[in-house]
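Colleague: Next input, structure requested:
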Amino acid sequence: MQLSDIDIKQALESGDITINDFDEARLQPASYDVLLGYEFMIFNNHKFECIDPKKPIHNFMEKVVLSSPDEYFVIHPGQFILGVTKDYFGCNEKYACQIMGKSSLARYGLIVHTTAGFIDPGNRLNATLEFVNTNTVPIRLYPEMKIAQIAFYELKTPAQNPYGTSSLGSKYYDSRGVQASDMHKNFEDKL
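Modeller: Numbers count the residues shown, from 1 in each chain. Okay, here's the model as predicted:
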């Protein structure tokens, strides 16, 4: 069951979900608007031949940190970048969360998350977003602009093994900044 605005406020009060610095003005009928943070990561394409999922990519990415909401990051047509939410949010083992793009930005051709919009029960974080500009013109991204919306779902039963437990190898648990892929760790675990 998806939570309504009333349900979201009740779940915040009970501590079942977390939204740091909650702002009721951003509460929608069944979602909450989250803001873009100040950190981005871009690929330095000239440094490598291809992405190999078995190897770390951190050395092939550059972090860009903006210092004020008046600055902006330009995402060019066809470009893929990572960004992060300013908002820290999540849920306990009784809920899950979904990040969705905003229709106003989708109408610019901006994809806010290419596929990874699901937040597992038990995780709380500043979510890394995967942006793609599908338009033919560049788009400016400003820190603290409304960038996405999150919806919360109550599970039929609480998760037995929530995200963050040691047996899961939860690579992005409690992430606080933009974070490159740690896919290579999936291969390391099998060695």
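Colleague: Give me the nearest residue to the residue nearest the centre of the chain, chain neighbours excluded.
Modeller: Central residue of the chain (C-alpha atoms, centre = their mean): residue 127, 2.9 Å from the mean position. Closest residue in space to residue 127, ignoring its immediate chain neighbours: residue 85 at 4.8 Å, by C-beta to C-beta, 6 or more residues apart in numbering. The way it works is simple: take the backbone N, C-alpha and C, and place the C-beta from them, glycine included.
Colleague: Now do the helix or strand encompassing the one you found: which elements does it pack against?
Modeller: Secondary structure from DSSP states H and E places residue 85 in strand 80-91. Based on contacts counted as 3 or more C-beta pairs under 8 Å, 6 or more residues apart in numbering; DSSP states H and E, the elements that strand 80-91 packs against are strand 17-19, strand 32-43, strand 73-75, strand 95-101, strand 118-119, strand 124-133, strand 146-154.
Colleague: and the residue nearest to residue 127, how many neighbours does it have?
Modeller: Residues lying near residue 85 (other C-beta atoms under 10 Å) number 20.
Colleague: Test my guess that it contacts residue 145.
Modeller: No: applying C-beta atoms under 8 Å, one finds residue 85 not in contact with residue 145, separated by 11.2 Å.
Colleague: what do the two both touch?
Modeller: Between them, residue 85 and residue 145 share these contacting residues under C-beta atoms under 8 Å, 6 or more residues apart in numbering: 35-36.
Colleague: Check the gap between residue 31 and residue 119 for me.
Modeller: Distance of residue 31 to residue 119, given as C-beta to C-beta, to the nearest Å: 13 Å.
Colleague: And for residue 74, nearest residue in space, chain neighbours not counted?
Modeller: Nearest residue to residue 74, sequence neighbours excluded (C-beta to C-beta, 6+ apart): residue 138, at 4.9 Å.
Colleague: For that neighbour, give me its contacts.
Modeller: Applying C-beta under 8 Å, 6+ apart to residue 138 gives the contacts 74-77.
Colleague: Of the residues you listed, which is the most crowded?
Modeller: Counting by other C-beta under 10 Å, top hit in the contacts of residue 138: residue 75 with 22 neighbours.
Colleague: so what pLDDT did that one get?
Modeller: The per-residue pLDDT reported for residue 75 equals 97.
Colleague: wait, isn't it in contact with residue 142?
Modeller: No: here residue 75 does not reach residue 142: they are 11.6 Å apart, not a contact under C-beta under 8 Å.
Colleague: about what we covered before: quick check: neighbours of the strand holding residue 85 in the sheet, parallel or antiparallel?
Modeller: strand 17-19 (antiparallel), strand 32-43 (antiparallel), strand 124-133 (antiparallel) (DSSP bridges).
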